[in-house]
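**Student:** Got a predicted model here, sequence first, then my questions.
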Amino acid sequence: MNNSDCQPEQEMVSRRDFLRLSSASIVALSIPGFLRRPGIPKTLFAQRAQYPRQRIAKLSELVAREPLRFRYPWDHPAAGNILIMLDEPAGGAVGPEANVVAFNSFCTHQGGPLEGQFHGNLGVVGPCPLHWTTFDLTRHGMVISGHATLGLPQIILELEGDEIFASAVQGLIFSYSNNLVDPTGEGA
């Protein structure tokens, strides 16, 4: 009597097929719900915290590649920012050449000061003196290299005639648990 005669007939799944099916199932289950639905929006918008508008500078008074310091949204050391006119167009920029941007001046990794590290001719800021992170100012402050995993918070600018206004912050400012909480205690 043969062993194969004693066992009921069943279709065996190969180890390779089992691994393929399990891997496909895991991938399908791990995709966020909004990506599985049909009709994904063509444009996804970054979250930003809205604040009262604040006049920052006059466009006609800016000097290319020379950073201008300002505080926004609060008059607090952690809210130190830089307004700079770059040599090339940038994401989120204002001005006739779309090259005027503003960013928070603290590294998102451990809050290292980026003051003095803005290079408008290269369109970058950095390296951070703590861990050498460098950010691309032409691409919304995204990380180029280093330890940071978050891009620099970009200050959203509006242009009215020759006046430049700050109106929002895109990204979490280092040391803030919530951009909407006034660290000075004056808004409470």
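**Tutor:** That came in fine, so what should we check first?
**Student:** At which residues are the helices of this protein located?
**Tutor:** Under the criterion DSSP state H, the chain carries helices at the ranges 3-6, 15-30, 33-36.
**Student:** and the second one, what's its mean pLDDT?
**Tutor:** It refers to helix 15-30. Here helix 15-30 scores 76 as its mean pLDDT.
**Student:** And it, how far out from the chain middle?
**Tutor:** Offset of helix 15-30 from its chain centre (C-alpha atoms, centre = their mean, to the nearest Å): 33 Å.
**Student:** And it, what does it pack against?
**Tutor:** For helix 15-30, not one helix or strand is in contact under the criterion 3 or more C-beta pairs under 8 Å, 6 or more residues apart in numbering; DSSP states H and E. Heads up, the C-betas are built off the backbone N, CA and C, glycines and all.
**Student:** Can you list the neighbours in contact with it?
**Tutor:** Residues outside helix 15-30 that contact it (C-beta atoms under 8 Å, 6 or more residues apart in numbering) are Val13.
**Student:** State the distance from the nearest residue to Ser175 once chain neighbours are set aside to Gln170.
**Tutor:** Counting by C-beta to C-beta, 6 or more residues apart in numbering, the nearest residue to Ser175 once its immediate chain neighbours are dropped is Ala78, at 4.7 Å. Distance of Ala78 to Gln170, given as C-beta to C-beta, to the nearest Å: 16 Å.
**Student:** Looking at those two now, which is surrounded by more residues?
**Tutor:** Neighbours were counted for Ala78 and for Gln170 using other C-beta atoms under 10 Å; Gln170 has more, 20 against 15.
**Student:** And stretch 123-135, what's buried?
**Tutor:** Residues 123-128, 133-135 are the ones in stretch 123-135 that count as buried (16 or more other C-beta atoms under 10 Å).
**Student:** ditto for stretch 111-123
**Tutor:** 112, 114, 117-120, 122-123.
**Student:** Considering the residues you listed, which member attains the minimum pLDDT?
**Tutor:** By pLDDT, Gly120 ranks lowest within the buried residues of stretch 111-123, coming in at 76.
**Student:** Pop out the phi and psi values for that one.
**Tutor:** As for Gly120, its main-chain torsions (degrees, to the nearest 10) stand at phi -60, psi -30.
**Student:** Quick check: chain neighbours aside, which residue is closest to it?
**Tutor:** Residue nearest to Gly120 in three dimensions, not counting chain neighbours: Arg65, with 3.2 Å by C-beta to C-beta, 6+ apart.
**Student:** quick one: the one you found from Glu158, how far?
**Tutor:** Applying C-beta to C-beta, the value for Arg65 to Glu158 is 22 Å.
**Student:** wait, isn't His119 in contact with Thr134?
**Tutor:** No. In this structure, His119 is not within contact of Thr134 by C-beta atoms under 8 Å, at 9.4 Å.
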